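Engineer: return atomic coordinates for the entry below.
(one chain, ligands or ions: 1)
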Amino acid sequence: MRAVSVGTVRHILCVFPRYTSAFGTFEYAYPLTDGVQAFMPPQGLLLIAAYMPENWPVRFIDENIRPATSEDFEWADAVLVSGMHIQRHQMNDICRRAHAFDLPVAIGGPSVSACPDYYPSFDYLHVGELGDATDDLIARLERDSSRPNQQIVLKTSDRLDMTRFPIPAYELAELKRYFLGSIQYSSGCPYQCEFCDIPGLYGRNPRLKTPQQITAELDKLLECGIRGSVYFVDDNFIGNRKAALDLLPHLVEWQKKTGFVLRLSCEATLNIAKRPEILAGMREAFFCTIFCGIETPDPVALKAMHKDHNMMVPIMEGIRTINSFGMEVVSGIILGLDTDKPETGAHLLEFIEASQIPLLTINLLQALPKTPLWDRLARENRLIEDEGRESNVDFRRPYDEVVDTWRRCMGVAYEPARLLQRYEYQIRETYPHQIERPSSRQQMTWPNIRLGLVMLRNIFWKIGILGDYKLEFWKFALRRLARGEIEHLIASMMVAHHLILFARGASSGRQNASNYSVRLRGASVPAE
Ligand code: SF4
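Structural biologist: Numbers count the residues shown, from 1 in each chain. Purely as a prediction, here's the structure:
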């Protein structure tokens, strides 16, 4: 549904801030593509854009693709902004630019919902999810589009049921410019890991869209030009297992109807390995990757962070089970835990070697507001607000040692030969378990073939000829070429190249040690 149409027309400019360069934004892969400039279309802002009254023109700008211009601000009657903590400085900067045009600016999304006090300059704070606060904001803008005299905080107490969510306004975004497509089926997670803000922000009882909403969204994503992969951004895809099981047959049908043109991926807890019927359905629906927050291979640490559910099956067995259904595991890892010891880094590297997981997001522990971790560290007087630091946690181990461990792990884990060897393993042991996609006319279109050729040319030229890990690359690439594994070559190198370059920056101190770090550097993801 949309907000009720109102008489007065307002022009709404939705601006998504640039990302600070981070491990998970894949910007080093973009030059290998044919024009990708941003990571994923922002679900929240595109949802709000779709919810605006029908007669209100909406313009959407993702500043990872191009900055909002004077012309955009002159066109607008009001500006809406959304983002995560890591984009805080960029959001405040958008507000400053909009105010130069005397426009009212509203901010919503996860960061302001957790920390309203980060945003003193905004005119409206939209705290919480889509709901009565959104209707209130629209009504206020309709009545008066000048800037209020003082900040107004609107809190959602009555959330809009997800089954009534409109399809995000994908038509306003240049979907071809995104590395991945995004979609959301559920919100919330039943677990309570100590460091995580999801249960506090979105609740423990996952709320859901209907399978029909999801297939309609997928249709629209395709129509609007998404290619390659779509990521379910649900906090935990199996937060409600029955719902996941209900959805999967619809996804399988949709894939059959549209010729399996999209690979799917999601985030889920590792105990998904205990549910072979879900994994089997995901395999049929062509899920190829699952991000699991493994966090640490140390059972004592898992217990301390209240992530016991990761031990419902032995970790290595869980990974192998997922692999046996054709899905690669991507893992979140945290260093700097209270349980860390001098040998933690070495154990992590052994785990990486044994698990053969190619992609692990290795972060330093960061305490997020509205988490049990934040509350505990506040009680223990161990929160440090210093933007020059890599983390706001006063670690048990000496700070420099923790950061050095992180740098060393990044440096070793992403040495080109080691990383490509792990991809070699996945190509040999995991991907053969994927379904054989029927070769469909939808896959064999000229734009798709052209895209593959462009990426291949870029990979050969930028890595194979100009790159500085040519030897390792050609060893890996020649085996793929000899076996006709062109798709695997392209997909692996897109990610591997980013990891290798990002990790070099990390091990030499040029990158943040946490995707959430308050050590906010200038936005280094190019906007043009
Ligand atoms: S399982 Fe994942 S989403 Fe759920 S509380 Fe833990 S870290 Fe957060």
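
Engineer: quick check: mean pLDDT of the helix ranked longest in the chain?
Structural biologist: When the chain is parsed with DSSP state H, its longest helix is helix 486-507. Per-region confidence: helix 486-507 scores 94 on mean pLDDT.

Engineer: quick one: contacts of it?
Structural biologist: 21, 23, 26-29, 32-33, 358-359, 406-408, 410-411, 413-414, 416, 419-420, 423, 426-427, 431, 452, 455-456, 459, 463, 469, 473, 476-477, 480-481, 511, 513 (Cβ atoms under 8 Å, 6 or more residues apart in numbering). (Each C-beta comes from the backbone N, C-alpha and C, glycine too.)

Engineer: got the buried residues for that helix?
Structural biologist: Neighbour-count burial for helix 486-507 flags 488-507 (criterion: 16 or more other Cβ atoms under 10 Å).

Engineer: next one: the closest residue to Lys176 other than its chain neighbours from the ligand, what distance?
Structural biologist: Distance criterion Cβ to Cβ, 6 or more residues apart in numbering; nearest residue to Lys176, sequence neighbours excluded, is Gly225 at 4.9 Å. For Gly225, the distance to the ligand equals 30 Å [Cβ to the nearest ligand atom, to the nearest Å].

Engineer: Gly225 should be in a helix, yeah?
Structural biologist: No. Per DSSP: H, G, I helix; E, B strand; the rest coil, Gly225 lies outside any helix segment and is coil.

Engineer: in this structure it contacts Ala173, no?
Structural biologist: No. Gly225 is not in contact with Ala173 according to Cβ atoms under 8 Å; the separation is 9.3 Å.

Engineer: show me the contacts of helix 486-507 that map onto strands.
Structural biologist: Counting by DSSP state E, no part of the contacts of helix 486-507 is found in strands.

Engineer: buried among the residues you listed? Make that a PyMOL selection.
Structural biologist: In PyMOL syntax, the buried subset of the contacts of helix 486-507 is picked out as below (16+ other Cβ under 10 Å):
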select buried, resi 21+23+26+27+28+29+32+33+358+359+406+407+410+413+414+416+419+420+423+426+427+431+455+456+459+463+469+473+476+477+480+511+513
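
Engineer: which of the contacts of helix 486-507 fall in helices?
Structural biologist: 406-408, 410-411, 413, 416, 419-420, 423, 426-427, 452, 455-456, 473, 476-477, 480-481.

Engineer: could you find the closest non-adjacent residue to the closest residue to the ligand within the stretch 351-500 of the chain?
Structural biologist: Closest to the ligand within the stretch 351-500 of the chain is Thr371: 9.2 Å, counting by Cβ to the nearest ligand atom. Closest residue to Thr371 apart from its sequence neighbours, by Cβ to Cβ, 6+ apart: Asp197 at 5.0 Å.

Engineer: show me what contacts that neighbour?
Structural biologist: With contact set as Cβ under 8 Å, 6+ apart, Asp197 has these partners: Pro110, Ala114, Leu368, Pro369, Lys370, Thr371.

Engineer: for Tyr170, same thing?
Structural biologist: Tyr170 makes contacts with Pro41, Leu46, Glu217, Lys220, Leu221, Cys224, Ile226, as judged by Cβ under 8 Å, 6+ apart.

Engineer: contacts only, for the residue lying closest to it once chain neighbours are set aside.
Structural biologist: The shortest distance from Tyr170 to any non-neighbouring residue, by Cβ to Cβ, 6+ apart, is to Cys224 (4.4 Å). Counting by Cβ under 8 Å, 6+ apart, Cys224 touches Tyr170, Glu171, Ala173, Leu175.

Engineer: how about the residues of the protein near the ligand?
Structural biologist: Residues of the chain lying close to the ligand (Cβ under 6 Å from any ligand atom) are Cys189, Tyr191, Gln192, Cys193, Cys196, Ile198, Pro199, Asp235, Asn236, Thr269, Gly293.

Engineer: show me what contacts the last one?
Structural biologist: Listed by Cβ under 8 Å, 6+ apart, the contact partners of Gly293 are Cys193, Glu267, Thr269, Leu270, Lys307, Asn310, Ser331, Gly332.

Engineer: nearest to the ligand among those residues?
Structural biologist: For those, the nearest to the ligand is Cys193 (3.2 Å; Cβ to the nearest ligand atom).

Engineer: neighbours of the closest residue to the closest one other than its chain neighbours, how many?
Structural biologist: Of all residues not flanking Cys193 in the chain, Lys307 sits nearest, at 4.9 Å (Cβ to Cβ, 6+ apart). By the measure other Cβ atoms under 10 Å, the count of residues near Lys307 is 24.

Engineer: how far away is Lys307 from Thr361?
Structural biologist: 16 Å (Cβ to Cβ, to the nearest Å).

Engineer: please consider this matter closed, and thank you.
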